[in-house]
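Chemist: Attaching a predicted model along with its sequence, questions to come.
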Amino acid sequence: MLKAIITYLNLKLELLNYFDLTRCLVELKESETDNGTLKQPVEYISNGEFDVINFDEFNGVSYWRLRDEPSTERTETQKYRAGAKNNIETTIPLRLVFAVPRTKLTEDDAYSFDRIRQTMVKQFAIDDEVLKNQLGAISVRITQVGSNSKPKEVWEEETEGTGTFEPKYETVFGSIDVDVVVISDHECLPTECDDVESDILRAFDWCGNTAVTVGRLTQLQQTCISDYLCGSPDPVQIQVNGTNTETAASGTTYNQEIENTDGTAVGTAANPSVVGDSDISFNGNLYASIPAEKATDFSIHDEDDNDVGTLTPSDIEIANSTVTINGSSLGSTGSVLAEGSVDIPVNLDGSPAGSWDGDSWEVTSAPCADATVQLNGVNMTDIPSGSTENIEVRQETGATLVGSKQGQYWRIDDSPISINGSQVADVASEESLDISVLQGGSPVGSWSGSAWVVPATACPSIALGSYSDSGFTNPITETEISETVYLKAVASDITPSKYRFLYESSDSIPQLIYEGANDNASWVAIGASGAGRFFCHVTDNDDDWSGRSEDFTINNDPDVQDFLDETGITDNTIIFALNQLVNGFKSDGDWSDINAFYPFVGGTAATHKYNLKDPRDLDAAFRLDFFGGWTHGENGIKGNGTNTYADTHLVDSAVASASDESFGIYSRTDVDALQADMGADTPYAKSNIVSRYSGDFYARNQGTYVLGSATSDSLGLFISSRINSSEVDGYNNGTLHTISDAQLGLTNISYYIGAVHNTTGPQLYYSTREYGCAFHTVGLSVAAEARVRDRINTFMTALGRNV
Amino acid sequence: MYKIVYITEIQAEQLKGKQFNDSSYYSPTQDVNGKWYVSEVERDESQYEWLKNKESTDVDESVLFEKENK
């Protein structure tokens, strides 16, 4: 047995591939050496030869040895009770000592020994029938009961006395203790014994003289043997029709009862036991006999083979038949018992009537009288009973049907009455309506056969014309701001007592031009530039006005428009004044002669600096550069008298000719002081204006020092003009002061405003005066000066800054 | 009497040719004593803090201009 077990366990170990050599049963053998007694594991080969286990010799070595002697004992607690099983349990305590190279492990770490131990135990625990069958055992159980992972302890135990610790570090060295428990029938206990009978019982004569041998046993022993060998008799198996039902103890009687579902015993006392047929009867009459547990179906049907009847717990009940007449229920009379009959009396006027014609009972009666049809109580016609008469309700003429059924009545809708498509009334059918057509409270108009015609009355109409001349001969549709437009209205179908003319500019602001009895008016164009409209309204009673409008556009003068575009000025008063000024200059023929005109409008240095004649932001356009602390306002520019001046960049030699130059300035401040208003002085020629100093007005022009002319103030327009080589004309608000002064030359430096551009000395003669405008042009004659002065004064007046 | 703002010559040189708004230039001017000045408007609208902080001075015309016949 032991050999078979170790061989089997080694086969299991070989499957793990841990060992190149798996030794079988090994013992620890002591031997005497020069170093004393030595104990080491050896495997007995034969003939007294042992093979020493060398762990270094192979790449992985294991061996088995007995930890103790195997033990055997009976498994039953009552080993000698009669009938007890005679199983033997043999326990073989083994120890597996092994050295596994770490290179063969899947993972080399601190858990290597435990991993090997679990692998081996798992391998041993696999339920394998091989060993059990090989041993002829009932069961084999392999159990790990201990282990030792400490190499030193295992080594010292296996090689006691060597005093050395030999296992290599590269191996996992340890041991596992395994118990192999084999349970087997005592008769089948495998023997690996020598051929010697080991059981004394077998020595007795059990076969030759059995009675004598048995008689030597005690009665109890005989009984135990009898029980053991013979045992208790088996019970009887009871079957019904081949199916196991019950068991009965040996020697007992068993009664198999056969009953029907009512609990009544049925069947014959024979085998087989036959259960009698069942009799099927209805209404007391035998219908059939059928074998027990067999089913039968019998049909209950009417004469047409339709299944009838309903199964109740005790009966089959057939329902009553239902009789109706013309689909109407007859109540309980129409309910007839199955296979019963009923007689339905059919009467006409109380007497039985009618006859069966094969599929229905036909009752005939006497014909009904005709019906009389009326409309609104008027007899229309008689019609046979049961027939239909269509009474058409038509319009007064023609065949058009009218009206509709509304509830129980036939109603005819109202007629809607409209005038010129507008409904004015509803008129009930066959009723009339009188519609009054009035004018001024009096009936008007007449019926033409298709329409009520009201004779026309005249409506006022107005023709409105706009002209550039007072004779109304040159019609215009546009003009420039500040130009005069002449308006004339012609009214028809009205005799106006009053006319009213208006202009609505492009910004929708209306201006009243005239209101009065005249049919014409003149208007100086003013307002926002762009497309506007003239209006003319007329009335003959001051209450009712008729009107007409005509489109009319007012524009800025192109030069004014350029100036406005540059300065961004939108004030209509300024715009009007500028248009009026430029239009005036142009009308007078003076505009082209002007080199620079500074209107000083807009109220800031940014707008005051521009030259109206050439409103570009360039020195070449004679745009002003202001120096010092000027004060800018709605009335123009004002110097501080200490350091203010404005450079015009206008050099006379560039724009003027000898003896043909003038310049002027409009002063709004009366100051009598040595303050230059405008000018350019050089050692060889002076051109300047001092409006008042010590009571005198000084005007120089391409000449030299001269005496002044008396002036009462420094307010208004002061002009210096030279139109010949011998005189200078100074104009003080139109008052001419002519001074003999030879023309010396052009200054050839730029003019200053509010001071004099002085190359002859340190002083510029700063002014404290406020200026409304300044200009430079050709030499002005008396007439030309008058024209220019008039335009400038008008300009100042329009701006409200005239002095 | 005039109100002016005195500045140094160096400051005057700094202001010459400079604008104190889009359309106006500084106008540093010397009085009869050769001292430089500008107006209060230039000071008030100036972009220079040093000028903004200057006090104005009341002066007589004779301080500003030499007496001269025109």
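Modeler: Nice, I can see it. As the structure is a prediction and not an experimental result, all values here were calculated from the model.
Chemist: Only C-alpha atoms from now on, for both contacts and neighbour counts.
Modeler: Will do.
Chemist: State the pLDDT value of the residue sitting nearest the centre point of chain A.
Modeler: What sits nearest the mean C-alpha location of chain A, by Cα atoms, centre = their mean, is A:Asp507, with 47.1 Å. Note on A:Asp507: pLDDT of 89.
Chemist: how far away is it from A:Ala525?
Modeler: Using Cα to Cα, to the nearest Å, A:Asp507 is found at 14 Å from A:Ala525.
Chemist: ok, how many other residues are close to A:Ser712?
Modeler: 12 (other Cα atoms under 10 Å in any protein chain shown).
Chemist: what sits against it?
Modeler: A:Gly695 (Cα atoms under 8 Å, 6 or more residues apart in numbering or on different chains).
Chemist: Distance check, it against A:Asp426.
Modeler: Distance from A:Ser712 to A:Asp426, by Cα to Cα: 93 Å.
Chemist: One more: A:Phe663?
Modeler: Taking Cα to Cα as the measure, A:Phe663 falls 89 Å from A:Asp426.
Chemist: Between the two, which has more neighbouring residues?
Modeler: Per other Cα under 10 Å, whichever of A:Phe663 and A:Asp426 has more neighbours is A:Phe663, with 28 against 14.
Chemist: OK, contacts around the more buried one?
Modeler: A:Ile719, A:Ser720, A:Ser721, A:Ala774, A:Phe775, A:His776, A:Thr777.
Chemist: Try it again at 7 Å.
Modeler: The contact partners of A:Phe663, taken as Cα atoms under 7 Å, 6 or more residues apart in numbering or on different chains, are A:Ile719, A:Ser720, A:Ser721, A:Phe775, A:His776, A:Thr777.
Chemist: Dump the residues you listed to JSON lines, plus secondary structure, distance to B:Pro28 and pLDDT.
Modeler: Output for those, formatted as JSON lines (DSSP: H, G, I helix; E, B strand; the rest coil; distance: Cα to Cα, whole Å; pLDDT from 0 to 100):
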{"residue": "A:Ile719", "secondary structure": "strand", "distance to B:Pro28": "30", "pLDDT": "97"}
{"residue": "A:Ser720", "secondary structure": "strand", "distance to B:Pro28": "29", "pLDDT": "96"}
{"residue": "A:Ser721", "secondary structure": "strand", "distance to B:Pro28": "32", "pLDDT": "97"}
{"residue": "A:Phe775", "secondary structure": "strand", "distance to B:Pro28": "27", "pLDDT": "98"}
{"residue": "A:His776", "secondary structure": "strand", "distance to B:Pro28": "27", "pLDDT": "98"}
{"residue": "A:Thr777", "secondary structure": "strand", "distance to B:Pro28": "31", "pLDDT": "98"}
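Chemist: Among the residues you listed, pick out the one closest to chain B, please.
Modeler: Among those, A:Ser720 lies closest to chain B (Cα to the nearest Cα), at 15.9 Å.
Chemist: what's the neighbour count on the nearest residue in space to the closest one that is not next to it in sequence?
Modeler: In space, A:Ser720 comes closest to A:Gly730 once its chain neighbours are excluded; the distance is 4.8 Å by Cα to Cα, 6 or more residues apart in numbering or on different chains. Neighbour count for A:Gly730, taken as other Cα under 10 Å: 28.
Chemist: in a helix, that's where A:Gly730 is, yeah?
Modeler: No - counting by DSSP: H, G, I helix; E, B strand; the rest coil, A:Gly730 is not part of a helix but strand.
Chemist: In the lengthiest strand in chain B, which residues are buried?
Modeler: Criterion DSSP state E: the longest strand present in chain B is strand B:2-7. Of the residues in strand B:2-7, B:Lys3, B:Ile4, B:Val5, B:Tyr6, B:Ile7 count as buried by neighbour count, 16 or more other Cα atoms under 10 Å in any protein chain shown.
Chemist: got CSV for those, with distance to chain A and pLDDT too?
Modeler: Formatted as CSV, those follow (distance: Cα to the nearest Cα, whole Å; pLDDT from 0 to 100):
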residue, distance to chain A, pLDDT
B:Lys3, 8, 94
B:Ile4, 8, 96
B:Val5, 11, 97
B:Tyr6, 12, 97
B:Ile7, 13, 97
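Chemist: looking at it, the residue nearest to the centre of chain A is touching A:Gly527, isn't it?
Modeler: No - A:Asp507 lies out of contact with A:Gly527 (Cα atoms under 7 Å); the separation is 8.4 Å.
Chemist: buried set for the strand or helix carrying A:Lys12?
Modeler: Per DSSP states H and E: A:Lys12 is located in helix A:2-14. Buried residues in helix A:2-14, counting neighbours by 16+ other Cα under 10 Å, are found at A:Ile5, A:Ile6, A:Thr7, A:Leu9, A:Asn10, A:Leu13.
Chemist: who are the neighbours in contact with the fifth one?
Modeler: Taking Cα under 7 Å, 6+ apart as the definition of contact, the neighbours of A:Asn10 are A:Thr22.
Chemist: Up against chain B, what does chain A have?
Modeler: Residues of chain A lying close to chain B by Cα under 7 Å from any Cα of the partner chain are A:Ala605, A:Ala606, A:Asp625, A:Phe626, A:Phe627, A:Gly628, A:Gly629, A:Asn643, A:Leu674.
Chemist: Identify, from those residues, the entry nearest to A:Thr797.
Modeler: A:Thr797 has its nearest neighbour among these in A:Ala605, at 21.8 Å by Cα to Cα.
Chemist: Report the contact partners of the closest one.
Modeler: Going by Cα under 7 Å, 6+ apart, the list of residues near A:Ala605 reads A:His632, B:Ser23.
Chemist: what about 8 Å?
Modeler: Taking Cα under 8 Å, 6+ apart, one finds A:Phe626, A:His632, B:Ser23, B:Ser24 in contact with A:Ala605.
Chemist: What pLDDT is listed against the closest residue to A:Phe19 other than its chain neighbours?
Modeler: Among residues not flanking A:Phe19 along the chain, A:Gly60 sits closest, at 4.0 Å (Cα to Cα, 6+ apart). pLDDT, A:Gly60: 89.
Chemist: re earlier: three-state assignment of the residue nearest to the centre of chain A?
Modeler: Assigned by three-state DSSP, the conformation of A:Asp507 is coil.
Chemist: which ones are touching it?
Modeler: A:Ala528.
Chemist: Pop out the phi and psi values for it.
Modeler: According to degrees, to the nearest 10, the main-chain angles of A:Asp507 amount to phi -90, psi 20.
Chemist: just the helices in the chain please.
Modeler: Let's take chain A. Along chain A, counting by DSSP state H, helices occupy A:2-14, A:112-125, A:129-135, A:151-158, A:210-215, A:219-229, A:558-567, A:572-588, A:605-608, A:652-655, A:782-799.
Chemist: You answered for a different chain; I wanted chain B.
Modeler: B:9-15, B:40-44, B:49-52, B:61-64.
Chemist: Surely A:Gly603 is in contact with A:Gly636?
Modeler: Yes - here A:Gly603 reaches A:Gly636: they are 6.6 Å apart, a contact under Cα atoms under 8 Å.
Chemist: Neighbour count: the two, which is higher?
Modeler: Neighbour tally, A:Gly603 and A:Gly636, criterion other Cα under 10 Å: the higher count belongs to A:Gly636, 24 against 16.
Chemist: Please name the residues that touch that one.
Modeler: A:Pro599, A:Phe600, A:Val601, A:Gly603, A:His608, A:Glu770, A:Tyr771, A:Gly772, A:Cys773.
Chemist: Smallest gap between the stretch 451-600 of chain A and chain B, at which residue?
Modeler: Proximity of the stretch 451-600 of chain A to chain B (Cα to the nearest Cα) peaks at A:Thr567, 12.5 Å away.
Chemist: What separation is there between that residue and B:Glu45?
Modeler: 22 Å.
Chemist: Same drill for those two, tell me which one is more crowded.
Modeler: Neighbour comparison, A:Thr567 and B:Glu45: the larger count goes to A:Thr567, with 20 against 14 (by other Cα under 10 Å).
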